[in-house]
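Colleague: from the sequence below, what's the structure:
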Amino acid sequence: MTSVRNAQESTPRTGSRSSARPARAAVADALRNATYEILPFKSAEEKVLAHVPTDVALTVTTTEAKGLEPTLELASRLGEQGYRAAPHVAARLVRDEAHLTDIVSRLRESGVDRIFVIGGDAAEPAGAFPDALSLLESLQKVGHPFVSVGIGGYPEGHGKISDDLIEKALEDKAPHAGHVITQLCFDADTTIRWARAVRARGVDLPIRVGIPGAISRQKLIRVSAGLGLGQSARFLKKQQNMLWRFFLPGGYSPNKLIERLTPAFGAADNNLHGFHVFTFNDLDSTEAWRQSWLARLS
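Modeller: Okay, here's the model as predicted:
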């Protein structure tokens, strides 16, 4: 994969000597503890077992087209294999409290102890939960066993919700969660400004920055075209002006994005604490890319 080659050739730029060491150390920790997002396709489990160490935490995405079942099934199987896999539970696909209780019981029996709660893309909710907050509140009511509950962050806003409402929703969801995972954003400055604003509004949760994995441009475009209304496809549709980058020689590499984010890691004015890698199931090249970075930063 050309992106892995680019990762090996690029050298992180972290600014002056005085600021480089803590920033580099923070980024090394962020990459060492990175989480991977995977898609619940047929080959996903085999690829995870072949290429991903069990100490890398995972999330399993959900789309309206596929529904919750493939996500819950894959997360459960990976949990039984010793992985920390958090299913994306889309509130608008959960019918009622009884359905939610069944989901919680099923995940607990499989050893799944983490969850990522989103509102979801369904035009109409299946039942009692129109948004992530209502499901989070119900999770508290039923007494969930999860040690980690994640919620979404939107550095570039949400296509269907105003900026004020989406940031107010983040404030309301924060007491029910342990961390924030952002959608993909190719502009490091936008992500950093957003993280500072979130901190200023009193949300003190650690933020994992969503970045693309080291994947080929052909794979990215092919997979995104089949995602329906999933998170990653929605991003690409919104950011069509960025698609030209994937047709340049070598395609897109996340290296420059990481380099530009590096100075913000470890700073006191934001809560950037980790990376969440959208792998598009290209797990072999993404893991090779991560290990290459860790080798240089060690």
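Colleague: which residue ranges of this structure form strands?
Modeller: For the chain, the strands defined by DSSP state E cover 35-38, 58-60, 85-90, 114-118, 148-153, 179-182, 207-212, 272-278.
Colleague: return the most buried member of the ones you listed.
Modeller: Of all the strands of the chain, strand 85-90 carries the top mean neighbour count, a mean of 27, counting by mean count of other C-beta atoms under 10 Å. Just so you know, the C-beta spots here come from the backbone N, C-alpha and C atoms, and that holds for glycine as well.
Colleague: what packs against it?
Modeller: strand 58-60, helix 69-80, strand 114-118 (3 or more C-beta pairs under 8 Å, 6 or more residues apart in numbering; DSSP states H and E).
Colleague: picking up where we left off before, dump the strands of the chain into CSV; add distance to residue 291 and mean pLDDT as well.
Modeller: Listed next are the strands of the chain as CSV, based on distance: least, C-beta to C-beta, whole Å; pLDDT from 0 to 100:
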stretch, distance to residue 291, mean pLDDT
strand 35-38, 13, 96
strand 58-60, 17, 98
strand 85-90, 21, 96
strand 114-118, 24, 96
strand 148-153, 24, 96
strand 179-182, 22, 96
strand 207-212, 16, 92
strand 272-278, 13, 92
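Colleague: out of the ones you listed, the one nearest residue 260 is which?
Modeller: Proximity to residue 260 (C-beta to C-beta) singles out strand 207-212 among those, at 11.0 Å.
Colleague: packing partners of the closest one?
Modeller: strand 179-182, helix 188-200, helix 255-261, strand 272-278.
Colleague: who's in contact with residue 145?
Modeller: Contacts for residue 145 (C-beta atoms under 8 Å, 6 or more residues apart in numbering) come out as 104, 108, 113.
Colleague: and it, its phi and psi?
Modeller: phi -100, psi 10 (degrees, to the nearest 10).
Colleague: what about the nearest residue to residue 142 once chain neighbours are set aside, how many residues nearby?
Modeller: Of all residues not flanking residue 142 in the chain, residue 101 sits nearest, at 5.4 Å (C-beta to C-beta, 6 or more residues apart in numbering). By other C-beta atoms under 10 Å, the residues close to residue 101 number 16.
Colleague: could you check how far residue 101 is from residue 144?
Modeller: 9 Å (C-beta to C-beta, to the nearest Å).
Colleague: cool, and residue 295?
Modeller: 39 Å.
Colleague: neighbour count: these two, which is higher?
Modeller: Neighbours were counted for residue 295 and for residue 144 using other C-beta under 10 Å; residue 144 has more, 20 against 9.
Colleague: mind checking pLDDT for the more buried one?
Modeller: pLDDT for residue 144: 87.
Colleague: is it true that it touches residue 104?
Modeller: Yes - here residue 144 reaches residue 104: they are 5.5 Å apart, a contact under C-beta atoms under 8 Å.
Colleague: what stretches of the stretch 1-150 of the chain score poorly on pLDDT?
Modeller: 1-21 (pLDDT under 70).
Colleague: ok, and the closest non-adjacent residue to residue 100?
Modeller: Computed as C-beta to C-beta, 6+ apart, the closest residue to residue 100 that is not its neighbour in sequence is residue 94, at 5.3 Å.
Colleague: quick one: the helices in the stretch 101-250 of the chain?
Modeller: 132-142, 163-173, 188-200, 217-225, 231-238 (DSSP state H, counting those that start in this stretch).
Colleague: what's the spacing between residue 162 and residue 186?
Modeller: With C-beta to C-beta as the criterion, residue 162 and residue 186 are 22 Å apart.
Colleague: cool, and residue 264?
Modeller: Taking C-beta to C-beta, one finds residue 264 at 15 Å from residue 186.
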